[in-house]
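> Structure for this input, please:
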Amino acid sequence: MEIETPGGPKRVGLVLSGGAARGFAHIGLLRTIKRAGIQVDVISGTSMGAILGAFYANGYSAEKIYELAQSISWRDIIDFSFGSGLFKGLKLHTFLAAHLPETFDELEKSLVISTTDIETGQEVFIFQGDLITALRASSCFPGAFEPVVFNGRTLADGGIVNNIPVNAAAFLHADFTIAGDATVARRATLSEGSEAGSWWERMTAGFKLERRNPMAQMLLRATDITGSILTELQYTLHPADLRVQYPMPHLNIESFWAFEEIVAIGERSALEVFVQAGLLPESALEDAQTPESPKALAAAEPDTAWGLPQRLGRKLAKQTVTEVAAVPTKKVLTKGVTKTAPEE
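Numbering: from 1, shown residues only. So this is what the prediction gives:
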């Protein structure tokens, strides 16, 4: 299926955000794209989105990516470091090299990866040369992985500057973009029970990424809020034609234990958006997988239903000017393609 507008067929770009464990929701989006029969021409991504995008660009189906992600043991990708990050990233490099080609040119689809120059603060696009090192650089979450020196620049996670690199897809001449957004919400549910259990149980749960200690929770939550605001500002400058947001305020970037639920949320969210855009019939929702955890619905913001902003204008009207991160929009349906336009 080609995306068509009055101007003719479009060059479709798929944009996959960062989000660590939350990024696995993109697998659900990939399933929905296949179901809609949409042909993706170019892919852009950052962090987890860059990794999943690389597999997709290399011909991996959503199901193959799902099976590979399920089979991973953290012993396969974790190697502790005493440098500028908790992990070296060498095992991650080895894992990626075992499943992906060495260079961008060997991929089946065009791919551009967004990273951040940690010295200049600039957003850096990588689209040729060493694929594996580029993926490592884009995935270097500050404090977790050591930054990577690539072509004379010290690079880290692309989400530091721009977590939804729509502009990177435009760089590859995409003129219709579908964006999967796994950015942590500005409003989210704080983890409970951080002090429950013995000292050993708390330490073990933290090591398994099942629980945040109070200090980590506050530091990471502050980072989440800052990242969410910056992402909305960037998205205002470079909006996608279709944006799929995944409502999971109860799940964090380290919630790898909720893999199945995250994928289900991603698929359901994408189906809702695609149905509203006219890219899929309403019957597609009937057999959609329901997320396993009821907290996904209970914790979602009241103005959000599976990634579709509702009553956005009224919500923003209640905020101060400094809190507004995006211009209120309304949906315009044109020949099966959803566009956004400023409210009058």
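
> Can you give me the buried ones in the longest strand along the chain?
Looking across the chain with DSSP state E, the single longest strand is strand 110-117. The neighbour-count check on strand 110-117 (16 or more other C-beta atoms under 10 Å) flags 110, 111, 112, 113, 114, 115, 116, 117 as buried. Every C-beta, even on glycine, is put in place using the N, C-alpha and C of the backbone.

> Can you name the residues that contact the fifth one?
Residues near residue 114 by C-beta atoms under 8 Å, 6 or more residues apart in numbering: 44-46, 50, 123-125, 138, 158, 161-162, 165, 168.

> What residues are bridge-paired with it?
For residue 114, the beta-bridge partners are residue 125 (DSSP bridges).

> so how far is residue 63 from it?
Going from residue 114 to residue 63 by C-beta to C-beta, to the nearest Å gives 26 Å.

> Now residue 244: phi and psi?
Backbone geometry at residue 244, expressed as degrees, to the nearest 10, gives phi -110, psi 110.

> what number of residues lie near it?
Using other C-beta atoms under 10 Å, residue 244 has 28 other residues around it.

> and residue 245, how far is that from residue 254?
In terms of C-beta to C-beta, residue 245 sits 20 Å off from residue 254.

> higher neighbour count, the two?
residue 245 (22 against 19).

> That one contacts residue 268, correct?
No - here residue 245 does not reach residue 268: they are 11.8 Å apart, not a contact under C-beta atoms under 8 Å.

> List the buried residues for stretch 155-175?
155-172, 174-175.

> and stretch 103-119, average pLDDT?
For stretch 103-119, mean pLDDT rounds to 97.

> Could you pull out the helices in the stretch 151-300 of the chain for me?
Listed in chain order, the helices of the stretch 151-300 of the chain (DSSP state H, counting those that start in this stretch) span residues 166-171, 199-207, 214-237, 259-276, 295-298.

> Using JSON lines, please lay out those helices together with distance to residue 15 and mean pLDDT.
Listed next are the helices of the stretch 151-300 of the chain as JSON lines, based on distance: least, C-beta to C-beta, whole Å; pLDDT from 0 to 100:
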{"stretch": "helix 166-171", "distance to residue 15": "5", "mean pLDDT": "96"}
{"stretch": "helix 199-207", "distance to residue 15": "33", "mean pLDDT": "47"}
{"stretch": "helix 214-237", "distance to residue 15": "10", "mean pLDDT": "80"}
{"stretch": "helix 259-276", "distance to residue 15": "13", "mean pLDDT": "96"}
{"stretch": "helix 295-298", "distance to residue 15": "23", "mean pLDDT": "44"}
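
> can I get those in TSV with distance to residue 185?
Output for those, formatted as TSV (distance: least, C-beta to C-beta, whole Å):
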stretch	distance to residue 185
helix 166-171	19
helix 199-207	23
helix 214-237	6
helix 259-276	12
helix 295-298	12
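
> Can you tell me which of these is nearest to residue 31?
Each of the helices of the stretch 151-300 of the chain has some distance to residue 31 by C-beta to C-beta; the shortest is helix 259-276, at 5.4 Å.

> And the strands in this protein?
4-5, 8-9, 12-16, 42-45, 110-117, 123-126, 148-150, 153-157, 176-181, 242-245, 304-305, 308-309, 329-334, 337-342.

> What's the local residue count around residue 286?
Neighbours of residue 286 (other C-beta under 10 Å): 8.

> Give the full set of residues in contact with it.
Residue 286 makes contact with no residue, according to C-beta under 8 Å, 6+ apart.

> any idea how far it lies from residue 275?
Distance of residue 286 to residue 275, computed by C-beta to C-beta: 11 Å.

> hang on, residue 220 packs against residue 255?
No - Residue 220 sits out of contact with residue 255 when judged by C-beta under 8 Å, with a separation of 11.7 Å.

> what do these two both touch?
With C-beta under 8 Å, 6+ apart, residue 220 and residue 255 have no common neighbours.

> now residue 281, nearest residue through space, not along the chain?
Excluding the flanking residues, the one nearest residue 281 by C-beta to C-beta, 6 or more residues apart in numbering is residue 275, at 7.2 Å.

> Do I have it right that that neighbour meets residue 284?
Yes - using C-beta under 8 Å, residue 275 is in contact with residue 284, at 6.0 Å.

> Between those two, point out the one with more neighbours.
Neighbour count, other C-beta under 10 Å: between residue 275 and residue 284, residue 275 has more, with 19 against 16.

> Done for today, thanks.
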